[in-house]
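Colleague: when you get a sec, could you give me coordinates for this:
(one chain, ligands or ions: 2)
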Amino acid sequence: MTIATPVTIALSKGRIFEETVPLLAAAGIAVTEDVEKSRKLIFDTNQPHVRVVLVRASDVPVYVQYGGADLGVSGLDSLIEHGGQGLYQPLDLQIARCRVSVAVRNGFDYAHAVKQGARLRIATKYPEIARHFFAKKGVHVDMVKLYGSMELAPLTGMADAIVDLVSTGNTLKANDLVEVEPIMDISSRLVVNQASLKLKQAPLRHIIDAFAQAVAAKNN
Ligand code: PRT
Ligand code: MG
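Modeller: Ligands and ions are numbered 1, 2, ... in the order given. Down below sits the predicted model:
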């Protein structure tokens, strides 16, 4: 199918872009430039009316919410922190998988710290996920919001623990940290602007259906 209505897709550079390329291909969409090498933020595709915009991973839900993009691919972590307002979330794409976990400095007695009911200082880029998790456990936490290099916080004594994404565990190991409690599994979701879905039904349905079929085919 040729897409005749203008459609803007928000992606982030790196793993999400890479793992979305095959899904776009299933919908007949190919980005025609080398995104990783370019400094541009807007990219044409083989479909004259479809373009891809590159934004920070945590900004994908924001662009889609406010109509800067009609649809996008966002990690569940970013989506939870955003809140999901104004977003239709039709599909778990099962890409960019990882988990959110609690990690502490090697030797720190986490079980004891949590049992005591004493306040725990948590450094994280994911305060919503962390707050909800510790509230459910009945543990009081002081949250320190960071934007990166969370691993440093326990090593410098700034925090007792971090809440961060873990994939292989190599980053934690390299920094003498240990994963003490998994919080949730993460994968990326297709997010769609709710107004766009009504106004641009045919092209968006086509993309959603093609993505759904590609995900199903890959996991069978
Ligand atoms: O980098 P930036 O601040 O722009 O944003 P971002 O870090 O959110 O973007 P990006 O592209 O790094 O990640 C996009 C999405 O990929 C995240 O929102 C997750 O949903 C998903 N994802 C999957 C991951 C990982 N795996 C992952 N391993 N995102 C980040 N990591 C980092 C993690 O934060 C830690 O620093 O990789 C490190 C841990 O990896 P291991 O393999 O050493 O355990
Ligand atoms: Mg990153």
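Colleague: who are the contact partners of the residue in the chain positioned nearest to ligand 1?
Modeller: Closest to ligand 1 within the chain is G75: 2.1 Å, counting by Cβ to the nearest ligand atom. For the C-beta atoms, the positions are set from N, CA and C on the backbone; glycine is no exception. Contacts for G75 (Cβ atoms under 8 Å, 6 or more residues apart in numbering) come out as I16, A57, A96, I186, S187, S188, R189.
Colleague: relative to Y88, which of those is nearest.
Modeller: R189 (10.3 Å; Cβ to Cβ).
Colleague: so what sits opposite that closest one in the bridge?
Modeller: Beta-bridge partners for R189, by DSSP bridges, are S74, D92.
Colleague: check the burial of it by counting its neighbours.
Modeller: 24 (other Cβ atoms under 10 Å).
Colleague: could I get the pLDDT score of it?
Modeller: Model confidence at R189, expressed as pLDDT, equals 98.
Colleague: what do you get for A4?
Modeller: The per-residue pLDDT reported for A4 equals 89.
Colleague: re the thing from before, skipping its backbone neighbours, what lies nearest the residue of the chain closest to ligand 1 in space?
Modeller: Excluding its sequence neighbours, the residue lying closest to G75 (Cβ to Cβ, 6 or more residues apart in numbering) is S188, at 5.2 Å.
Colleague: residue numbers of this structure in contact with ligand 1?
Modeller: 12, 14-16, 56-58, 75, 77-78, 96, 98, 148, 164-171, 186, 188 (Cβ under 6 Å from any ligand atom).
Colleague: so which of these belong to strands?
Modeller: Counting by DSSP state E, the residues of the chain next to ligand 1 place G75, C98, D164, L165, V166, I186, S188 in strands.
Colleague: of the residues you listed, select the buried ones using a ChimeraX command.
Modeller: In ChimeraX, a selection of the buried entries from these looks like this (16 or more other Cβ atoms under 10 Å):
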select :75,98,164,165,166,186,188
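Colleague: out of the ones in strands among the residues of the chain next to ligand 1, what pair is the most spread apart?
Modeller: Farthest pair in those (Cβ to Cβ) is D164 and S188. Separation: 17.2 Å.
Colleague: quick one on the thing from earlier: the residue nearest to G75 contacts E18, correct?
Modeller: No. With contact defined as Cβ atoms under 8 Å, S188 and E18 do not form a contacting pair (11.3 Å).
Colleague: report the mean confidence score over stretch 156-175.
Modeller: Stretch 156-175 comes out at a mean pLDDT of 98.
Colleague: er, stretch 40-59 I mean
Modeller: pLDDT averaged over stretch 40-59 gives 97.
Colleague: alpha carbons of it, in PDB - could you do that?
Modeller: Extracted in PDB, the C-alpha atoms of stretch 40-59 (Å, rounded to 0.1, in the frame of the first residue of the first chain):
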ATOM      1  CA  LYS A  40      19.600  15.600  10.900                       C
ATOM      2  CA  LEU A  41      16.500  15.100  13.000                       C
ATOM      3  CA  ILE A  42      13.900  14.700  10.300                       C
ATOM      4  CA  PHE A  43      14.200  11.900   7.700                       C
ATOM      5  CA  ASP A  44      12.400  11.100   4.500                       C
ATOM      6  CA  THR A  45      11.300   7.600   3.700                       C
ATOM      7  CA  ASN A  46      10.600   5.700   0.500                       C
ATOM      8  CA  GLN A  47       6.900   6.700   1.100                       C
ATOM      9  CA  PRO A  48       6.600  10.400   0.000                       C
ATOM     10  CA  HIS A  49       4.100  11.100   2.800                       C
ATOM     11  CA  VAL A  50       5.900   9.300   5.700                       C
ATOM     12  CA  ARG A  51       8.700  10.900   7.700                       C
ATOM     13  CA  VAL A  52      10.600   9.800  10.700                       C
ATOM     14  CA  VAL A  53      11.700  12.300  13.500                       C
ATOM     15  CA  LEU A  54      14.400  11.400  16.000                       C
ATOM     16  CA  VAL A  55      14.000  12.500  19.500                       C
ATOM     17  CA  ARG A  56      15.300  11.600  23.000                       C
ATOM     18  CA  ALA A  57      13.800   8.200  24.100                       C
ATOM     19  CA  SER A  58      12.000   9.900  27.000                       C
ATOM     20  CA  ASP A  59      10.600  12.500  24.700                       C
END
